[in-house]
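Student: Everything below, folded, please.
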Amino acid sequence: MKKTKLGEFEEFVLLTVAALQREAYGVEIKRELEERLKTKLSVGSIQSALKRMEEKGFLISEFGEATMKRGGKRKRIYHTTSYARKVLSEMREIRAGLWEAIPKLAHELKLI
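Tutor: Reported below is the predicted structural model:
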């Protein structure tokens, strides 16, 4: 696997963008993460992570349409790139392999 600079929080944000698809904008990403992580997050932490991942090529963004609900402001919608999906898939495989290895390793070390 190619080494990437993707921290745990960035991985959570990236997975959230992938899950939300067309609804992946700052406020909705924050709401989804807060619900899943059971903690409060700052808008700044989300925006910083999104910007870093866009610079690294994990995300692309575009502006949505202006809406009256938002006072005429447009949302910045984020999308995962093929590179991001590849990296997430690799990380999932690595994590699954490590979880599967726990009983085996623990038994070999006579911890179970």
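Student: which residues does His79 form a beta bridge with?
Tutor: In this structure, His79 has beta-bridge partners Ile60, where bridges are defined by DSSP bridges.
Student: what comes up buried for stretch 47-54?
Tutor: The neighbour-count criterion (16 or more other Cβ atoms under 10 Å) identifies 49-50, 52-53 as the buried residues of stretch 47-54. In short, each C-beta sits where N, CA and C put it, glycine included.
Student: In three-state terms, label Glu62 for me.
Tutor: For Glu62, the assignment made with DSSP: H, G, I helix; E, B strand; the rest coil gives strand.
Student: quick one on the thing from earlier: Ser42: which of the buried residues of stretch 47-54 is nearest?
Tutor: Out of these, the one with the shortest distance to Ser42 is Ala49. That distance is 10.8 Å, counting by Cβ to Cβ.
Student: So for that closest one, what pLDDT did the model give?
Tutor: According to the per-residue confidence, Ala49 scores 96 in pLDDT.
Student: by contact count, what packs against the longest helix along the chain?
Tutor: Across the chain, the helix with the greatest residue count (assigned by DSSP state H) is helix 82-108. Secondary structure elements in contact with helix 82-108, counted by 3 or more Cβ pairs under 8 Å, 6 or more residues apart in numbering; DSSP states H and E, are helix 8-20.
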